[in-house]
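Visitor: Okay, structure incoming, though there's no sequence with it:
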């Protein structure tokens, strides 16, 4: 069974890239964003949670 979704716009959550020392990896984050833009996304969700929150 093939799942087909017709979304008129797409806003993916973008994870922040880090180095092994936990410093921000800005060049790889920029590359990831550019790759997403090249794929035709309509916007970005930055700095949001990407996992379930434990209450």
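Guide: Here it is on my side, so go on. What you see is a predicted model, and the numbers here were worked out from it, not measured in a lab.
Visitor: Output the below-cut-off pLDDT ranges for the chain.
Guide: Along the chain, the model assigns pLDDT under 70 to residues 48-55.
Visitor: ok, the residue most central in space within the chain - contacts?
Guide: With distances taken as CA atoms, centre = their mean, residue 14 lies nearest the centre of the chain, 2.0 Å away. Residues near residue 14 by CB atoms under 8 Å, 6 or more residues apart in numbering: 29, 32, 33, 36, 44, 45, 46. Every residue, glycine included, has its C-beta placed from N, CA and C.
Visitor: how about CSV for these, with distance to residue 9 added?
Guide: Output for those, formatted as CSV (distance: CB to CB, whole Å):
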residue, distance to residue 9
29, 22
32, 19
33, 17
36, 13
44, 12
45, 12
46, 16
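Visitor: ok, now how distant is the residue nearest to the centre of the chain from residue 2?
Guide: Distance of residue 14 to residue 2, given as CB to CB, to the nearest Å: 27 Å.
Visitor: One more: residue 29?
Guide: Residue 29 sits 33 Å away from residue 2 when distances are taken as CB to CB.
Visitor: buried ones in the helix or strand harbouring residue 27?
Guide: For residue 27, the element it lies in under DSSP states H and E is helix 26-38. Residues 29, 33 are the ones in helix 26-38 that count as buried (16 or more other CB atoms under 10 Å).
Visitor: helices and strands around that helix, which ones?
Guide: For helix 26-38, the elements it packs on are strand 13-14, judged by 3 or more CB pairs under 8 Å, 6 or more residues apart in numbering; DSSP states H and E.
Visitor: Pull the distance from the strand it packs on to the chain's centre.
Guide: Centre-to-centre, strand 13-14 and its host chain are 2 Å apart (CA atoms, centre = their mean, to the nearest Å).
Visitor: neighbouring strands for that strand, and are they parallel or not?
Guide: Strand pairing for strand 13-14, using DSSP bridges, gives strand 45-46 (parallel).
Visitor: which residues are in contact with the partner strand?
Guide: For strand 45-46, contacts defined as CB under 8 Å, 6+ apart pick out 11, 12, 13, 14.
Visitor: In the residues you listed, which residue is surrounded by the most others?
Guide: residue 14 (17 neighbours; other CB atoms under 10 Å).
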